[in-house]
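>>> okay, sequence plus prediction incoming.
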2 protein chains.
Amino acid sequence: MAVGEALFPAMPVIEGVRLGTTQAGIKKPGRRDLVVIEVAEGATVAGTFTRNAFCAAPVHVARRHLTSGSPRYLVINTGNANAGTGEIGMRDAKATCAELGRLAGVPGTSVLPFSTGVIGEPLPMERLLSALPAVLEALSDSGWHAAAEGILTTDTRPKGATATVEIGGRTVTINGISKGSGMIKPNMATMLSFVATDAAIDQALLETLLREGVERSFNCITVDSDTSTNDACMLIATGRGPRVAGDADLARFRDALDRVLIDLAQAIIRDGEGATKFVTLEVGEARTRQEALDVAFTVAHSPLVKTALYASDANWGRILAAVGRAPVADFDVERVVIDLGDVRLVESGGRAAGYTEEAGSAVMAGEEIVIRIRLGRGEQAATVWTSDLSHEYVSINADYRS
Amino acid sequence: MAVGEALFPAMPVIEGVRLGTTQAGIKKPGRRDLVVIEVAEGATVAGTFTRNAFCAAPVHVARRHLTSGSPRYLVINTGNANAGTGEIGMRDAKATCAELGRLAGVPGTSVLPFSTGVIGEPLPMERLLSALPAVLEALSDSGWHAAAEGILTTDTRPKGATATVEIGGRTVTINGISKGSGMIKPNMATMLSFVATDAAIDQALLETLLREGVERSFNCITVDSDTSTNDACMLIATGRGPRVAGDADLARFRDALDRVLIDLAQAIIRDGEGATKFVTLEVGEARTRQEALDVAFTVAHSPLVKTALYASDANWGRILAAVGRAPVADFDVERVVIDLGDVRLVESGGRAAGYTEEAGSAVMAGEEIVIRIRLGRGEQAATVWTSDLSHEYVSINADYRS
């Protein structure tokens, strides 16, 4: 199940980036499961990674290689997360980097490894390593769509976004792909996302742009409250295009980057496991952004709200109960206002005067639902995107060893 | 669905307590939905209530009447939570107390109101008030089982527990009933529980006993992470039996009370919405009890762990990932040990050396599952009880307006 149409945009070439995809048979044969992204020399690369304490071996290695060297290759396998694999996992992640480096003529520390799939099984190293020549052979500057397919696991559709922006009279392009459908409550990054631009951006600025962009995109989505062991979001700037410098350029670039990151994050929710609804939670009038996020995530994680959304039931009592249990001090519920789309649900601590079931049900019948919650205690706001909790969510996760 | 057999114990008489139950037709006809508990003059009564900021009108009124007067009657209706009902809800809760007081010849402030059921609908006051004479007529010291049935909503079975303890050469009895099946992540109390003893206990001590007992029982269970708007747990000491005084008596009484409270709390989990498993999460070697609770609840709330439990899938990677995202600072995952029953699942950051799928699956096949997590960083511990996430959970909450 998924919400809305599956649209993959035409992805322009990013000069300095090539992508290759192949079938290594890591979990099962006949499926694209190995992707390499080649980055031109001189590119800057920033990354954010999961804060799950049990983070996977490739996360450790990628983080180390990112700080120590000049990244030239990203290698991503699906079907196996190489997480919870202890010392063997670390050895396998490093061996993958070393072999790819040897084949490509770069040091192993210039390779960043990423894995996604089942937790706790050792990587099938023979199959993985023997597929590396083929995936390097497949490298192409038009390989975005195949790569977006190659990084999927329980996802039902590839996810891509692109944007352009004028910098110094020239066109800068930003392309991104992402994957993720379950175990989605990113903390500093999503499951996996790779974004590249041809702009020239200094390392420190690139890191800031990514960190702030992720705060407004991947860190604002949740399918099931479960933060993955393998989350990573990488941002590559090849420097083949104009340099981003000066406040006006930076503002324009940041807007375009945010659009790409938010598109990719939202695509994960639209393809959330078992999703039948795409839900936007806008919380306003909070004292702090964190308070707004806390309320939004409390509602977004409530199984009772999520099953009501699945049932298209305007069960505002469940929304109200979830808001009421959010970790907010000195909460005056009399000031809370909740709207469902254009319909006022709650005010003055109870059901809004003019509310009718018919009006609520009409909004709930849609696939895209906006819930606006105003707390009446400040000026800060946050937006979180989530999906519903369906029978199919249970089937996917009870019937399938992910 | 529910876990284990539905056993309701033989409940002895508690001198000074009578219970009446009737059908008021609050939500639908032909269902016991109105209960009154009469407490003898001179009894002490303690209560804990939900911390949900949107707490229901009866919670406000019960809390006020508890501190201002000498409680003589508790009146509980199901089918309607009288929550999110604003001023009308407050007026209705007070009117219920006033009318019951008038009929029984006590001030309205000696009546504590409790409601559970659908949120946001006004109470059907005419039906409720006109059933009060019948429910008073039904008062009996053997009315425990009928009352346990009368307070149910989506529960599939009545819940009761009883214990006796010797105090000063005489037998003290403790009886309790509880209800709750969904919207269960109590915060200072569960959905509804009423416990009574014939012991004599001073008000301050009674409040301490209840607060501490609830911390070890109702505040350690979760079905779906959703704290209700109407949670309340009441403890009544009629004083018809011996006085609890002195450390030895107190220790024995506390043990017996804890047994009753834990039995009642566990009964809620066994009857959790759609539950097919009863899961005990024991977290040890934490720096603080709060840290142990945080880890236990993070695992207990993980939809991926809960669906794996439903599938009887020893998917230890999901448990590990949930532990890893718990809010614990400076977490050294190398020290974490996770056991599933008697089977070692995780050690040294990965799958335990001797682990086999067969051994894990054998434990998971049971209805009662114990997961032990040792953090290797301290001496504190906590135990949390939870249920799984099944198709039936989604059906109950998507198909039924609760």
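Good, I have the coordinates.

>>> for A:A83, which non-adjacent residue is spatially closest?
Nearest residue to A:A83 in three dimensions, chain neighbours excluded: A:A56, at 3.5 Å (C-beta to C-beta, 6 or more residues apart in numbering or on different chains). Bear in mind the C-beta positions are built from the backbone N, C-alpha and C, glycine included.

>>> wait, doesn't that neighbour sit right on A:N80?
No: the pair A:A56 / A:N80 is not scored as a contact, 10.0 Å apart, by C-beta atoms under 8 Å.

>>> okay, those two: which has more neighbours?
A:A56 (32 against 25; other C-beta atoms under 10 Å in any protein chain shown).

>>> what pLDDT does the model give that one?
Note for A:A56: predicted pLDDT of 90.

>>> ok, it - contacts?
A:81-85, A:89, A:115, A:119, A:229-230 (C-beta atoms under 8 Å, 6 or more residues apart in numbering or on different chains).

>>> switch these over to CSV; also include neighbour count and secondary structure.
Shown next, in CSV, are the contacts of A:A56 (neighbours: other C-beta atoms under 10 Å in any protein chain shown; DSSP: H, G, I helix; E, B strand; the rest coil):
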residue, neighbour count, secondary structure
A:A81, 31, coil
A:N82, 31, coil
A:A83, 30, coil
A:G84, 26, coil
A:T85, 26, strand
A:G89, 26, helix
A:S115, 32, strand
A:I119, 29, coil
A:T229, 29, coil
A:N230, 27, coil
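
>>> give me the three-state assignment for the residue nearest to A:A161 when sequence neighbours are not counted.
Once flanking residues are discounted, A:A161 sits nearest to A:D263: 3.5 Å by C-beta to C-beta, 6+ apart. Put simply, A:D263 is helix when judged by DSSP: H, G, I helix; E, B strand; the rest coil.

>>> pop the domain breakdown of chain A in here.
With domains defined by automatic domain parsing, chain A comprises A:17-270, A:278-399.

>>> would TSV of those domains with distance to B:I76 be doable?
Formatted as TSV, the domains of chain A follow (distance: least, C-beta to C-beta, whole Å):
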stretch	distance to B:I76
domain A:17-270	33
domain A:278-399	19
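
>>> can you tell me the SS state at the residue lying farthest from the centre of chain A?
In terms of distance from the mean C-alpha position of chain A, A:A353 ranks first, at 39.3 Å (C-alpha atoms, centre = their mean). Put simply, A:A353 is coil when judged by three-state DSSP.

>>> how close does the residue nearest to it when sequence neighbours are not counted sit to A:V279?
Of all residues not flanking A:A353 in the chain, A:E347 sits nearest, at 7.6 Å (C-beta to C-beta, 6+ apart). Distance of A:E347 to A:V279, computed by C-beta to C-beta, to the nearest Å: 21 Å.

>>> what's the burial count for the closest residue to A:L309 other than its chain neighbours?
In space, and not counting its chain neighbours, A:L309 is closest to A:D388: 4.0 Å by C-beta to C-beta, 6+ apart. Residues lying near A:D388 (other C-beta under 10 Å) number 26.

>>> what's A:D388 sitting at in phi/psi?
phi -100, psi 180 (degrees, to the nearest 10).

>>> that one and A:T307 touch, don't they?
Yes: counting by C-beta under 8 Å, A:D388 touches A:T307, with 7.4 Å between them.

>>> so where's the stretch 251-400 of chain A uncertain?
For the stretch 251-400 of chain A, applying pLDDT under 70 flags the ranges A:400.
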